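[1] have a look; sequence and predicted model below, questions after that.
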Amino acid sequence: MHIDARILPLQEVHTDVCIIGAGPAGIGLAREFLGHHLQVALLESGDFEPDAELQMLADGPTFGDIKPSVEVNRRQFGGNANVWNVDLGDNIIGLRHAIFDAIDFEPRDWMPHSGWPFSRQYLMPYYERAQQLCQAGPFSYEPGPWESEHAQRLPLSGCGLETGLFQFSPSKVFYEQHRSELVGSGNITVYTCASVVELITQEGGDRVIGARVARPGRASFVVSAR
């Protein structure tokens, strides 16, 4: 289901699960509940189409040689998938994928607090699920399975270099296909133009009990999730 928060006179929404943000991460999480008995509210600050007024909510100070946040943080269903810009040919725009090397998880003697609390192997099942979510093809980042008579790895043996792989996926998977799945679901409600401005906690502040949501032209409302 889809609800434009600007239209309905909402005061309070009760649900089982509340997900804030309908970018690739929020969409991926919401899809885990497709067909589930739990009711899910997916809150998105933007709309399905670009909206200049809503996009200005991403404005804010930046420091250093980086782009302003209003230019890189897309307030729209699909989040920054809407601005991925790798040309995949045939008028398809998408994203380039790679996984971390195993050594990226190891501590460095010269770098304080380096290293991850787990190895890359721990993440592999999640990498594979993310690959499916993005529709990026088979989960294979070693050159061997891709080699053929017409495609060989570079002859780099013994020189300290190795052949690596990228894979690619179309960005519209998130803002078209996954959007259709979620909006058509019987247990997931997508709220657009719904900006979370406050997390409401119980007395003592150790538990979140609700999210206050602002929307253009109307009073705010509260989403509480069991």
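    Yep, that arrived.
[2] contacts only, for residue 40.
    Shown in contact with residue 40 (C-beta atoms under 8 Å, 6 or more residues apart in numbering): 15, 16, 17, 18, 19, 30, 33, 187, 188, 189. For glycine as for every other residue, the C-beta is placed from the backbone atoms N, C-alpha and C.
[3] how near is it to residue 226?
    11 Å (C-beta to C-beta, to the nearest Å).
[4] what touches both of those two?
    In contact with both residue 40 and residue 226: 15, 16, 17, using C-beta under 8 Å, 6+ apart.
[5] I'd guessed the last one sits against residue 41; true?
    So that's residue 17. Yes. The criterion here is C-beta atoms under 8 Å, and residue 17 meets it with residue 41 at 7.2 Å.
[6] more neighbours, those two?
    Applying other C-beta atoms under 10 Å to residue 17 and residue 41 shows that residue 41 carries more neighbours, namely 25 against 18.
[7] not counting sequence-adjacent ones, nearest residue to the more buried one?
    residue 15 (4.3 Å; C-beta to C-beta, 6 or more residues apart in numbering).
[8] residues near the one you found, how many?
    Residue 15: 18 surrounding residues under other C-beta under 10 Å.
[9] what's near enough to touch it?
    39, 40, 41, 189, 223, 224, 225, 226.
[10] from those residues, which has minimum pLDDT?
    Comparing pLDDT over the contacts of residue 15, the lowest score belongs to residue 226 (91).
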